[in-house]
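Trainee: give me a 3D structure for the following:
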Amino acid sequence: MAKMAAYAVESGEDAFRKIFKFYKRRNPPPDFSDVIDFSRSAPSDQVIPALLDPGAVSDEEAARVGLRPVRDWRAFGLPGYPGFMFITNPFLLGSKPFWVRQCLKTYPQKPNVCNLDMHMSPSDTQDIWDKSVGGLSHNQRQPKTLLDRLRWVTLGYHYNWDTKTYSASHYTPFPADLHSLSFHITSACGFPGFNPQAGILNYYRSDSSLGIHVDESELDHSRPLLSFSFGKSAIFLLGGTRRQDPPTAMYMHSGDVMVMSGQSRLLYHAVPRIVAAPQGHPALEASGSSRHGSVVEPLSEQDWAVCSRYSHSSRVNVTVRQVLAPGQSFPETPSSH
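Mentor: Model prediction:
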């Protein structure tokens, strides 16, 4: 990161924004040689091994949600970022398509909330998948489907983008399958009892980006923030507690998981760019067979075709948060008289 850090500090403009613009730049394209690729990393002065707790999750529990045994996961941290953990694709071969289908077909359904609800009637956004599937199943160019226009979905406590808050009155049940996946991953990372209460799904086209921000709307910051990536790869920037702190750039590939806890829970971060999945890293491999009692089920041929096509051109990111500490409740809002 020496080149990029020096490049950023020279200017009076905030260092994070400068590096964000560098990676977002289209012409000339940026040099990616400073971007950390955990999938190819061996521990070094840049990347350190992270400790997992294999005893916290049985192999059967892991397999039920489509994960490999915890002892087979590769987990890393970064020097200078205590509490940050990066797990390179812990998913069993063939289980990612199920989670992509949930993100595209199941989670956008009512009563969950999505960006299309802002300017369309509930009946128009009721079955985004069914209304889109015809246009996505064919090779020829079609008008943009609803799925193409999907930008975000919120789950559980629904995030209010205008006020940047959650509230007790805007809640729908958090999906049980995603709850189970998140609970097992955080348990293996040393956070027993994590209670997933809110989810934000972001859908990225190849030219999308996510601006510089801190996730601080949750009332309890002692619990980790969990992030899943599916589909195309992304450049992820992790900065410091101030916008003047130059960030570290890393790839997030399909299936990768990040856990931000402790001091890293409130760091600035951003996604300046979506990039092609690297050679030998397919965005999605064929759907596997189902195990008895598994949450993860194989996809129909049509579902697989749509998920595969979507994953080659787009990216889905799922962040899962615990909003309230045990026993904590939202502050009473003053009633208006």
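
Trainee: below-threshold pLDDT in the stretch 51-200 of the chain: ranges please.
Mentor: The stretch 51-200 of the chain contains residues with pLDDT under 70 at 135-143.

Trainee: what ranges does it have for its helices?
Mentor: Secondary structure of the stretch 51-200 of the chain (DSSP state H, counting those that start in this stretch): helices at 59-64, 96-101, 128-136, 146-149, 176-188.

Trainee: ok, and which of these has the densest surroundings?
Mentor: helix 96-101 (a mean of 24; mean count of other Cβ atoms under 10 Å). Every C-beta, even on glycine, is put in place using the N, C-alpha and C of the backbone.

Trainee: share the number of residues neighbouring Ile212, please.
Mentor: Counted with other Cβ atoms under 10 Å, the neighbours of Ile212 add up to 18.

Trainee: residue contacts, it?
Mentor: If a contact means Cβ atoms under 8 Å, 6 or more residues apart in numbering, then Ile212 has Phe16, Arg17, Phe20, Leu237, Gly239, Arg243, Tyr268, His269, Ala270 as its contacts.

Trainee: going by distance to Asp53, which of the residues you listed wins?
Mentor: Relative to Asp53, the closest of those is His269; by Cβ to Cβ it sits at 25.2 Å.

Trainee: tell me the bridge partners for that closest one.
Mentor: Applying DSSP bridges to His269 gives these bridge partners: His213, Leu238.

Trainee: now the helix or strand where Ser311 lies, how far from the centre of its chain.
Mentor: Assigned by DSSP states H and E, Ser311 falls within helix 301-313. Relative to its chain's centre, helix 301-313 lies at 19 Å (Cα atoms, centre = their mean, to the nearest Å).

Trainee: when you give positions from now on, start the count at 42
Mentor: Taking 42 as the first residue, the last one we looked at is helix 342-354.

Trainee: list the contacts of it.
Mentor: The contact list for helix 342-354 (Cβ under 8 Å, 6+ apart) reads 138, 141-142, 145-146, 170, 173-174, 177-178, 188, 246-247, 271-273, 295, 324-325, 327-328, 340.

Trainee: JSON lines please, covering the helices of the stretch 92-241 of the chain and showing distance to Val336.
Mentor: Formatted as JSON lines, the helices of the stretch 92-241 of the chain follow (distance: least, Cβ to Cβ, whole Å):
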{"stretch": "helix 100-105", "distance to Val336": "5"}
{"stretch": "helix 137-142", "distance to Val336": "8"}
{"stretch": "helix 169-177", "distance to Val336": "19"}
{"stretch": "helix 187-190", "distance to Val336": "23"}
{"stretch": "helix 217-229", "distance to Val336": "5"}
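
Trainee: so which of those gets nearest Pro123?
Mentor: Judging those by Cβ to Cβ, what sits closest to Pro123 is helix 217-229, at 16.9 Å.

Trainee: the closest one packs against which elements?
Mentor: Contacts defined by 3 or more Cβ pairs under 8 Å, 6 or more residues apart in numbering; DSSP states H and E place helix 217-229 against helix 100-105, strand 266-272, strand 298-301, strand 356-362.

Trainee: mind putting the ones you listed in JSON lines, distance to Pro69 included?
Mentor: Converted to JSON lines, the helices and strands packed on helix 217-229 look like this (distance: least, Cβ to Cβ, whole Å):
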{"stretch": "helix 100-105", "distance to Pro69": "44"}
{"stretch": "strand 266-272", "distance to Pro69": "26"}
{"stretch": "strand 298-301", "distance to Pro69": "29"}
{"stretch": "strand 356-362", "distance to Pro69": "23"}
